[in-house]
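K.L.:
give me a 3D structure for the following:
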Amino acid sequence: SAHSGIYINNSDGQNTEAFRGTIANNVVIVYASDGNSNDANYGIECNASDYQNVYHNTVWVGNSSSSGIALWANGGSNLRVKNNNFYINYGRAYGSNNGTNISESDYNNFYCTGTYLATWSGGGQNDLAALQLANSKDANSVSIFPSFVKTSSPYDLHPQTHWLNNIGTDLLAADKIGRA
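P.N.:
Okay, here's the model as predicted:
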């Protein structure tokens, strides 16, 4: 069966900064320990949820089928996705079923060893340039192998590559004054 590291369903925030839902500062590891690589595993799955912030997460999904996704947005609206590190060893690093539910996305690292980096509006996007063209977002996002310290138990998902240093942006200052 499929596994999700973080799953939210019909979780609606409000259109004010103080009342948005937030998934932040998590290290998410999803690995089908039963060895069933036919499972569609998800790192973070946002289903029919509105006004959510997905900030500063590191997601590693291992042993998934080609339909697994590190971050999957299915329905909902007004999701903000920033400063995340999404890695999947097969499947897709990022996905939106309709292309309109993610209102802001930038300063992320998307990495996938499979055929498609992402799914956007039902279509597979082979690389970061294709994703940027499809979503008109992610101008400052990258696709860099993070070279985690250890991807087996005990896990250590600190990136070892210097190429990811300082690619994020300061979200706290913007949030304090009510703008993002």
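K.L.:
contacts, neighbours, all on C-alpha from now
P.N.:
Noted.
K.L.:
doesn't E104 make contact with N140?
P.N.:
No. Distance between N140 and E104: 11.9 Å, which falls outside the contact criterion (Cα atoms under 8 Å).
K.L.:
how much space separates the closest residue to D39 other than its chain neighbours from A118?
P.N.:
Spatially, and ignoring its direct neighbours in sequence, D39 is nearest to A2 (4.9 Å; Cα to Cα, 6 or more residues apart in numbering). Here the criterion is Cα to Cα, to the nearest Å. By it, A2 lies 19 Å from A118.
K.L.:
any idea which helix or strand comes after the longest helix seen in the chain?
P.N.:
Assignment by DSSP state H gives helix 128-135 as the longest helix of the chain. Next helix or strand after helix 128-135 toward the C-terminus (DSSP states H and E): strand 148-150.
K.L.:
flag every buried residue along the helix or strand that that next one is followed by.
P.N.:
Counting by DSSP H and E, the next helix or strand C-terminal to strand 148-150 is strand 156-159. Neighbour-count burial for strand 156-159 flags L157, P159 (criterion: 16 or more other Cα atoms under 10 Å).
K.L.:
what comes up buried for stretch 99-106?
P.N.:
G99, T100, N101, I102, E104, S105, D106.
K.L.:
what does that stretch rub up against?
P.N.:
Stretch 99-106 is touched from outside by 73-83, 96, 120-121, 135, 137-141, with contacts defined as Cα atoms under 8 Å, 6 or more residues apart in numbering.
K.L.:
from those residues, which ones fall inside strands?
P.N.:
Judged by DSSP state E, the subset of the contacts of stretch 99-106 located in strands is A73, N74, S77, N78, L79, R80, V81, K82, S96, W120.
K.L.:
verify the contact between the second one and A48 for me.
P.N.:
Just to be clear, that refers to N74. Yes. Using Cα under 8 Å, N74 is in contact with A48, at 6.1 Å.
K.L.:
so the residue most central in space within the chain, which of the three states?
P.N.:
By Cα atoms, centre = their mean, the mean C-alpha position of the chain lies nearest to L71, the distance being 3.5 Å. Here L71 is recorded as strand under DSSP: H, G, I helix; E, B strand; the rest coil.
K.L.:
wait, it sits on Y94?
P.N.:
Yes. Taking Cα under 8 Å as the definition, L71 is a contact partner of Y94 at 5.0 Å.
K.L.:
list residues touching both of those two?
P.N.:
Counting by Cα under 8 Å, 6+ apart, the contacts common to L71 and Y94 are F86.
K.L.:
show the contacting residues for T119.
P.N.:
For T119, the contacting residues are R92, Y94, G95, S96, N97, Q125, by Cα under 8 Å, 6+ apart.
K.L.:
hmm, which of these are the buried ones?
P.N.:
Listed as buried from the contacts of T119 are R92, Y94, G95, S96, N97, Q125; burial here means 16+ other Cα under 10 Å.
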